[in-house]
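> Build me a structure from this.
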Amino acid sequence: MRQEEFHHDIAVIGGGLAGVCAAIAAARLGQRVALVHNRPVLGGNSSSEVRVWVCGATAHGVQRYARETGVMGELYTENQYRNPEGNPYYWDQVVLDAVRSEPLIDLFLNTDVREVEADGPEDDRTLRSATGWMMGSERLITFRAQVFLDCTGDGLLGELAGARSRIGRESSADFGEPWAPEVSDGALLGSTILFYTKDLGRPVPFVPPSYAKDISQTPILRNRVLRTGDNGCHYWWIEWGGAMDTVHDNEVIRDELHAVIMGIWDHIKNSGEFDADNLTLEWVGSIPGKREYRRFVGDHVLTQQDILAQRRFDDRIAFGGWSIDLHPVEGMYADGPGAVQRYTDGVFHIPLRSLYSVNVGNLLFAGRNISATHIAFGATRVMATCATLGEAAGTAAALCVRHGRSPRALATETPGLVGQVLLRQDGSVMGVANEDPDDLARAATVSASSHLSRLTAEPGPDTPAEPCPLDRDYGVLLPVDPVLDGVELLVSAERDTELTVELWSTRLPENAVPLDALSTVRIPVTAGGPEWVTAALRHAPETPENVVVVVRANPHASLSLVPKGTEGVLALRSRVDGDPGVDEDIPEEEGQAVLDWTARELRRRSLCFRVLSATDAFAPSKGVGGYQRPFGGPQMWVSGDPAPGSHLVLQWDAPRDLRTVHLVMDDDVDTYLINLHRDRVPDAVAPQLLRDYRIEVRDATGEWRTAVTVRDNRRRHRVHLLDGEVPVRTDALRITVDSTHGAPRAHLFTVRAYED
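Alright, predicted model coming up:
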């Protein structure tokens, strides 16, 4: 046996997606990081050992423009490119490659941390070291660091260090949460084991093991749905252990879950109720995927009210969009539904103060163990959200080391700093505008070869219109910048009728559904068509915003659809009785506005419209500063002419020294991606992404010189070092687009320019 000791700036304990993103974020900011994980593969519940879908703020497409950026966004898009079939083993390699690509990360797999050294009084402790046993290698390794991150999920590191935590449900009196029970208790969300099946094309018998559960003697058959075509997370409801201790009773829970899986498969194969003769079990998990255990206490405890009110924190560092998703304590044996869910109108925000310990001064945490109530945790616990929390915690840890400050000092003395650094790294933050004083682009005058100034979706030779019967309400989400004079709609009618058209506000810039009525017009329509009719909906907001033009159902009229998308615009349709829900096995509570409308069925199509007024929503100035993602508008420059040859120019009043240029491009964050492909996306790379481009600088003679040439780009965020040992001195910078991955126009969220 060896005894070893390693010294790092930061030690990240736990290699799930939160830990992976934390380690990558800290390493990219120049810190030496130990990433310590107790399994042979990274990814936690998303790995091939457990195989849970990586869900996040998009909430299976419920939330618009909500897909995560930053490290989690890179993992999503890289997996989309490499792994179009959703192979769980390929996903492992995507995650491992991301870690291996960072030279400042030292990775320790199969290393179970079980001892710490910590000192100080109960309310002001300091974590000095963590010691783990590397299984199979007989190495006892002590990790010393300035800052530690607990990304273990179960919160063992913090528990050993004496960090304050909670387990179970708070009472309604504790935080005033309407959904909390009257009396606090130890109830948890249970754990799950998944399974996959395969059709072998010939009969395959199944002889159940002796421990298989007779599910006919349980509530499962009357309360849950079994289907032979379902695999993996379709069986999320195979859940148990919420009334137990999900850590200390883990072995008991695992055995019960395995017994039920064998019983379910026995019923599918041998009951005679299913066409399953040719099916076999291809894979059954061995490790329960835990949902809940310890939640640490930080300076802010995130609550149900914070989430449903979409509260904006000064120190916000991430966002989520998953529902408050709570499951019955009895899990699969419950007589009621397997879950109750409540969605916000748009994404919600999470503060830095929920990511560090209230009493261990150098401990941050990320993942399902953050400082949140049981109710709020129901929305923050999904893995893509946990991953963005990891990137935020890793970023904060790096800044603590760089500046010699505590996490609390970062959050309370400079509440916006971590958000600004995350934005510079293209992290997953919403509604945070670029205020970086070092970004020279913010002081430049911006122009372009052209920009999109008219919003239309019209039929053409290659995009013929098809009728869209008004059997329900339809909507068009579009930006107003600076004014809206009205819209024209392409309408057909089987008889003379009247069309009711309304204008609605989304209330908040992070929302994308109609919430507040603004005005209504009624338009006479004559039989025949299609013909353009005008809805004179005048609107002049104080600041640019999104609105929704709603056309009410009319059995005698039809709108028109074209098979192409429109920049900054989404087509919506209302949901009616009989439409499938987000999850067909979960009943949906009424009064959730975001569920009343869907855009999934109209993806890559547009309702035919013409906005009467010109728009500045895609002006060249949108390509610097801004929010780097849609927020109350598209927040990007879009060329008016075809992409090849289009360009954006930044010019200063005097020469500047430039060394690095950052570009944030459009990879369509409204596209819902998932690692194991619950839903399929046809494009390996987003069509809107710039493929070939050049960065040019203007020399003292006024001539343009190419400093960087890029071919076959497939990354959203690129940081380019300009050539030469010293910064390039220039008074102008030009981004010239040679091609996209298929979109007709050039899209660019942000250009940043730095001296270093």
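> host element of E531?
Using DSSP states H and E, E531 sits within strand 528-535.
> can you give me how far that strand is from the chain middle?
39 Å (C-alpha atoms, centre = their mean, to the nearest Å).
> for the record, mean pLDDT for it?
Averaging pLDDT along strand 528-535 gives 96.
> and what of stretch 671-678?
The average pLDDT for stretch 671-678 rounds to 88.
> First-to-last residue distance for it?
Start-to-end span of stretch 671-678 (C-alpha to C-alpha, to the nearest Å) is 13 Å.
> same thing with stretch 466-476?
End-to-end distance of stretch 466-476 (C-alpha to C-alpha): 17 Å.
> Neighbouring strands - and their directions - for whichever helix or strand comes after the strand holding E531?
For strand 528-535, the following helix or strand on the C-terminal side (DSSP H and E) is strand 545-551. Its sheet considered, strand 545-551 pairs with strand 474-480 (antiparallel), strand 497-505 (antiparallel) by DSSP bridges.
> partner residues bridging R656?
Going by DSSP bridges, R656 is paired in beta bridges with T730.
> Was I right to think it contacts L440?
Yes: in this structure R656 lies within contact range of L440 using C-beta atoms under 8 Å: 5.4 Å. C-betas here are computed from N, CA, C, even on glycine.
> list the residues that contact both of those two?
Residues touching both R656 and L440 (C-beta atoms under 8 Å, 6 or more residues apart in numbering): A753, E755.
> related to what we said a few turns ago, counting by contacts, list what the strand holding E531 packs against.
When contacts are defined as 3 or more C-beta pairs under 8 Å, 6 or more residues apart in numbering; DSSP states H and E, strand 528-535 sits against strand 487-493, strand 497-505, strand 516-525.
> residues touching R600, list them.
Taking C-beta under 8 Å, 6+ apart, we find R600 in contact with G61, Y672.
> how does it look with 10 Å?
R600 makes contacts with H60, G61, V62, R573, P580, V582, Y672, D679, as judged by C-beta atoms under 10 Å, 6 or more residues apart in numbering.
> C233 now?
Counting by C-beta under 10 Å, 6+ apart, C233 has contacts R51, V52, W53, C55, T192, L194, G289, I674, L676, R678.
> rewinding a little: deepest in the core, which of the helices and strands packed on strand 528-535 is it.
Neighbour counts (mean count of other C-beta atoms under 10 Å) averaged over each of the helices and strands packed on strand 528-535 peak at strand 487-493, with a mean of 23.
> Show me the strands in the stretch 601-750 of the chain, by range?
Secondary structure of the stretch 601-750 of the chain, counting by DSSP state E, counting those that start in this stretch: strands at 606-607, 609-611, 637-638, 647-658, 660-665, 690-698, 704-710, 717-721, 728-740, 747-754.
> what residue lies at the spatial centre of this protein?
E68 (3.2 Å; C-alpha atoms, centre = their mean).
> Hmm, that one is touching G390, no?
No: counting by C-beta atoms under 10 Å, E68 stays clear of G390, with 11.1 Å between them.
> so how far is R600 from the closest residue in space to L477 that isn't next to it in sequence?
Distance criterion C-beta to C-beta, 6 or more residues apart in numbering; nearest residue to L477, sequence neighbours excluded, is L570 at 4.2 Å. L570 sits 10 Å away from R600, going by C-beta to C-beta, to the nearest Å.
> Can you report phi and psi for Y76?
Phi and psi for Y76, reported as degrees, to the nearest 10, are phi -60, psi -50.
> Just the helices from the stretch 301-450 of the chain, written as ranges.
For the stretch 301-450 of the chain, helices defined by DSSP state H, counting those that start in this stretch occupy the ranges 304-308, 374-380, 383-403, 407-413, 417-424.
> contacting residues around V329?
Neighbouring residues of V329 by C-beta under 10 Å, 6+ apart: R169, D185, G186, A187, L188, L189, G190, W240, G241, G242, A243, M244.
> Pull up the gap between it and M244, please.
For V329, the distance to M244 (C-beta to C-beta) stands at 10 Å.
> Kindly report the same for R734.
From R734 to M244 the distance is 63 Å (C-beta to C-beta).
> With neighbour numbers in mind, choose between these two.
R734 (23 against 19; other C-beta atoms under 10 Å).
> The more buried one touches E703, doesn't it?
No: taking contacts as C-beta under 10 Å, R734 lies outside contact range of E703: 11.6 Å.
> Flag the shaky bits of this structure, pLDDT-wise.
Counting by pLDDT under 70, the chain shows no low-confidence range.
> repeat that for 80
Within the chain, the ranges that satisfy pLDDT under 80 run 584-585, 625, 677-679, 723-726.
> that older thread, so which of the strands paired with strand 545-551 comes closest to T750?
T750 lies closest to strand 474-480 among these, at 17.4 Å (C-beta to C-beta).
> quick one, that closest one and strand 487-493 angle?
Here the directions of strand 474-480 and strand 487-493 differ by 160 degrees (axes from the mean of the first three to the mean of the last three C-alpha atoms, to 10 degrees).
> Could you tell me how far strand 474-480 lies from the centre of the chain?
Taking the mean of its C-alpha atoms, strand 474-480 sits 23 Å from the chain's own mean (C-alpha atoms, centre = their mean).
> that older thread, the nearest residue to the residue nearest to the centre of the chain once chain neighbours are set aside and L572: what is the separation?
Leaving aside its sequence neighbours, E68 sits nearest to S428 (C-beta to C-beta, 6+ apart; 4.4 Å). Remark: distance between S428 and L572 (C-beta to C-beta) = 24 Å.
> More neighbours: those two, which one.
The residue with more neighbours, out of S428 and L572, is S428; 32 against 23, by other C-beta under 10 Å.
> Quick one: residues contacting that one.
So S428 contacts 21, 56-57, 66-73, 317-320, 347, 384-385, 387-389, 391-392, 422, 629, 669 (C-beta under 10 Å, 6+ apart).
> Report the beta-bridge partners for the nearest residue in space to R2 that is not next to it in sequence.
Leaving aside its sequence neighbours, R2 sits nearest to R139 (C-beta to C-beta, 6+ apart; 4.8 Å). Taking DSSP bridges as the rule, R139 bridges to R2, M134.
> Equivalent analysis for I10, please.
V33, V147.
> how near is it to A409?
According to C-beta to C-beta, I10 stands 17 Å off from A409.
> rewinding a little: residues shared between the contacts of V329 and M244?
G186, A187, L188, G190.
> picking up where we left off before, for the helices and strands packed on strand 528-535, which one sits closest to R32?
strand 497-505 (48.9 Å).
> now the closest one, how far from the chain's geometric center?
Centroid separation for strand 497-505 versus its chain: 33 Å, with C-alpha atoms, centre = their mean.
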